[in-house]
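[1] below is the sequence, then the predicted model.
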Amino acid sequence: MQADRVSFAAGIAEYNPQTDESVADVLKRADSFMYINKKHIKKREPVQEAWE
């Protein structure tokens with residue numbers, strides 16, 4: 001019997017008043033980070049912090 005694989009990806013972004021004009025900008029960046037994390041999870045690669 002093969003075990004099911006479960007994964008979780010999240011994107012976190014912080015409001016930056018110098019670059020963000022709206023909450024939508026923050027959510028867009030968080031969404032982008034989530035898809036980057038998902039890509040790394042599928043390849044079983046370590047996820048690097050994008051905000052460094």
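    Nice, thanks for sending it over.
[2] hey, where'd the helices end up in this structure?
    Using DSSP state H, the helices of the chain run over 23-43.
[3] so where's it shaky on pLDDT?
    1, 45-52 (pLDDT under 70).
[4] mind redoing it with 80?
    Applying pLDDT under 80 to the predicted model, the residue ranges of the chain that meet it are 1-3, 5-7, 40-52.
[5] next up, the contacts around residue 11.
    The contact partners of residue 11, taken as C-beta atoms under 8 Å, 6 or more residues apart in numbering, are 29-37. Quick note: C-beta positions are derived from backbone N, CA and C, even for glycine.
[6] again, only using 7 Å
    Applying C-beta atoms under 7 Å, 6 or more residues apart in numbering, one finds that residue 11 lies in contact with 30-34, 37.
[7] now the residues you listed as a markdown table including distance to residue 3 and neighbour count?
    Compiled in a markdown table, these are given as follows (distance: C-beta to C-beta, whole Å; neighbours: other C-beta atoms under 10 Å):
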| residue | distance to residue 3 | neighbour count |
| --- | --- | --- |
| 30 | 30 | 14 |
| 31 | 30 | 12 |
| 32 | 31 | 13 |
| 33 | 28 | 19 |
| 34 | 25 | 15 |
| 37 | 22 | 19 |
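[8] would you turn the residues you listed into CSV with distance to residue 15?
    Converted to CSV, the contacts of residue 11 look like this (distance: C-beta to C-beta, whole Å):
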residue, distance to residue 15
30, 10
31, 15
32, 15
33, 14
34, 17
37, 20
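[9] now, among the residues you listed, which is nearest to residue 9?
    Proximity to residue 9 was ranked across these by C-beta to C-beta; first place goes to residue 37, at 4.0 Å.
[10] for the residue lying closest to that closest one once chain neighbours are set aside, give its distance to residue 2.
    On the basis of C-beta to C-beta, 6 or more residues apart in numbering, the spatially nearest residue to residue 37 that is not a chain neighbour turns out to be residue 9, at 4.0 Å. As judged by C-beta to C-beta, to the nearest Å, residue 9 and residue 2 stand 22 Å apart.
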